[in-house]
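K.L.:
Provided below are the primary sequence and the corresponding predicted coordinates.
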Amino acid sequence: MNTLSEIFRKRGYSRRDFLKFASLTTALLGLPPSMFPEIVHALETKPKPVVIWLEFQDCAGCSESFIRSTTIMPTEVLLDFISLEYHETLMAPAGEYAEESKKEAMERYKGKYILVVEGSVTPNGVYCTVGGKSNYELLKEAAENTAAVVSVGSCASWGGIPKAEPNPTGAVPVYEALKGKQVVNIPGCPPIGDVMVATIVHFLALGKLPPLDNLGRPKTFYGQTIHDRCYRRAFYNAGKFAESFDDEKARNGYCLYKVGCKGPITRNACPTIRWNGGLSFPIQSGHPCFGCSEPDFWDRGFIYRPLSVVETGFGVEKIAAGVAVGAAAGAGIAWINKKLRGGKK
Ligand code: SF4
Ligand code: SF4
């Protein structure tokens, strides 16, 4: 049996490393510390999860983000962490051999595998066919006997760029193509790798999906806006805004609201988990958030236009009402972030 603790050991990591991972994951998932022993026990005894990963109208950027998710899990462990039975970009077999191995896996792990979908779906059956079958057929077939369906990325979660006006292929999100079935949405273009990994670990350890919001997103990661947790928030509160990317105010790290930041209406964990092993995120590198994890982000208006211009009736005054709530919530998240960066190898 290949458990996660065994994989850590086989890859040369100590028990201390494994416990550090379990502790960070418990915190990242927003679980109480009292659940730590249960998480450790589960990761020591349950076999690694079986995953069938389908790619439809996508660019494979979500896969790329997943395999670079190294903030909480070392790369060597990550590549062995799931039993990836089918993934067009990462698997060795191709053509009919690949389709055959997927069919076998769906039979062997009936009712037990996690179906991960990357990319939007075209129910009209004309576009994006694989092995002679439309992506819609392939999705229905794979979703029939799965333990859970996880949409990764904004394309799978909301339709994303393929669904942007004028939506030439008639793209729809996975949840719309699978009406009536519960689908976890992990949006972002791409989504944060650690969020994908932690969601799968939650399912593996506790045998159920994490609590979701009304749009099917894990609340722990999408419960607050970028603005709620942004380190530039003090400048926003003080009314100090960069007016252009090369002015003195931008150099002083002022708020990017006026150069188009969509942080106030975007729910994601970028300011806390960050990217590239917890190194940075767009706002930290001086670029406004353009809201890639929100539905229809591409159709909301020009990326660099201020929100108050793009979103009718959504101005600075309205956002200011959320300041107190955001600041309080941000303090708790900052603790997790500190732990994450401290725990990084
Ligand atoms: S969500 Fe973004 S990164 Fe993921 S497949 Fe779509 S376009 Fe690519
Ligand atoms: S508007 Fe953007 S840059 Fe300014 S505080 Fe909010 S999230 Fe940060």
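P.N.:
Done, it's in. Numbering: from 1, shown residues only. Ligands and ions are numbered 1, 2, ... in the order given.
K.L.:
CA atoms for contacts and neighbours, from now on please.
P.N.:
Fine.
K.L.:
Count the residues that sit near G95.
P.N.:
Other residues near G95 number 10, with proximity taken as other C-alpha atoms under 10 Å.
K.L.:
for the protein, what are the low-confidence residue spans?
P.N.:
Applying pLDDT under 70 to the chain flags residues 1, 309-345.
K.L.:
Point out the residues in it that sit beside ligand 2.
P.N.:
I226, H227, C230, R232, R233, Y236, C255, L256, Y257, C261, G263, P264 (C-alpha under 6 Å from any ligand atom).
K.L.:
Who wins on neighbours among those?
P.N.:
Highest neighbour count within those: L256, with 29 neighbours (other C-alpha under 10 Å).
K.L.:
wouldn't it be in contact with F290 here?
P.N.:
No - here L256 does not reach F290: they are 10.9 Å apart, not a contact under C-alpha atoms under 8 Å.
K.L.:
anything in contact with each of the two?
P.N.:
Shared contacts of L256 and F290, defined by C-alpha atoms under 8 Å, 6 or more residues apart in numbering, are absent.
K.L.:
In CSV, list the residues of the chain next to ligand 2 along with distance to K10 and secondary structure.
P.N.:
Below are those laid out as CSV (distance: C-alpha to C-alpha, whole Å; DSSP: H, G, I helix; E, B strand; the rest coil):
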residue, distance to K10, secondary structure
I226, 38, helix
H227, 41, helix
C230, 39, coil
R232, 42, coil
R233, 44, helix
Y236, 48, helix
C255, 46, strand
L256, 46, coil
Y257, 48, helix
C261, 45, coil
G263, 41, helix
P264, 44, helix
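K.L.:
how about the strands of the stretch 101-250 of the chain, start to end?
P.N.:
Ranges of strands in the stretch 101-250 of the chain, per DSSP state E, counting those that start in this stretch, are 114-118, 129-130, 133-134, 148-152, 183-186.
K.L.:
Which of those strands sits closest to ligand 1?
P.N.:
In terms of C-alpha to the nearest ligand atom, the element of these nearest to ligand 1 is strand 114-118, at 5.8 Å.
K.L.:
Tell me the neighbouring strands of the closest one, and mark each as parallel or antiparallel.
P.N.:
Paired neighbours of strand 114-118 in the sheet (DSSP bridges): strand 50-55 (parallel), strand 148-152 (parallel).
K.L.:
to the chain's geometric centre, what's the distance from that strand?
P.N.:
The chain centre lies 12 Å from the centre of strand 114-118; the measure is C-alpha atoms, centre = their mean, to the nearest Å.
K.L.:
what's the answer for stretch 233-246, then?
P.N.:
Centroid separation between stretch 233-246 and its chain, computed with C-alpha atoms, centre = their mean, is 28 Å.
K.L.:
now stretch 63-76
P.N.:
That offset, for stretch 63-76, works out to 12 Å (C-alpha atoms, centre = their mean).
K.L.:
just stretch 104-114 next, same as before
P.N.:
Relative to its chain's centre, stretch 104-114 lies at 24 Å (C-alpha atoms, centre = their mean).
K.L.:
so what's the residue lying closest to I226 once chain neighbours are set aside up against?
P.N.:
Leaving aside its sequence neighbours, I226 sits nearest to G263 (C-alpha to C-alpha, 6 or more residues apart in numbering; 4.7 Å). Going by C-alpha under 8 Å, 6+ apart, G263 touches T225, I226, H227, P288, C289, F290, G291.
K.L.:
what's the closest of the residues of the chain next to ligand 2 to H202?
P.N.:
I226 (23.1 Å; C-alpha to C-alpha).
K.L.:
Hmm, C261 and that closest one touching each other?
P.N.:
No - at 9.8 Å, I226 and C261 do not qualify as touching, with contact defined as C-alpha under 8 Å.
K.L.:
What's the local residue count around R16?
P.N.:
So R16, with other C-alpha under 10 Å, has 9 neighbours.
K.L.:
Please apply the same query to S101.
P.N.:
S101 has 15 neighbouring residues, counting by other C-alpha under 10 Å.
K.L.:
OK, contacts around it?
P.N.:
E85, Y86.
K.L.:
do the same with the one 10 residues further on
P.N.:
Each residue near G111 by C-alpha under 8 Å, 6+ apart is listed here: N145, T146, A147.
K.L.:
List the buried residues of stretch 82-90.
P.N.:
I82, L84, E85, Y86, H87, E88 (16 or more other C-alpha atoms under 10 Å).
K.L.:
Would you report which members of those residues are assigned to strands?
P.N.:
L84, E85, Y86, H87 (DSSP state E).
K.L.:
Spatially nearest residue to the second one (excluding sequence neighbours)?
P.N.:
Right, E85. Nearest non-adjacent residue to E85, counting by C-alpha to C-alpha, 6+ apart: I52, 5.5 Å away.
K.L.:
give me the number of residues near the one you found?
P.N.:
For I52, using other C-alpha under 10 Å, the count is 23.
K.L.:
would CSV of the strands of the stretch 101-250 of the chain with distance to E96 and mean neighbour count be doable?
P.N.:
Listed next are the strands of the stretch 101-250 of the chain as CSV, based on distance: least, C-alpha to C-alpha, whole Å; neighbours: other C-alpha atoms under 10 Å:
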stretch, distance to E96, mean neighbour count
strand 114-118, 20, 25
strand 129-130, 10, 15
strand 133-134, 12, 16
strand 148-152, 24, 26
strand 183-186, 28, 26
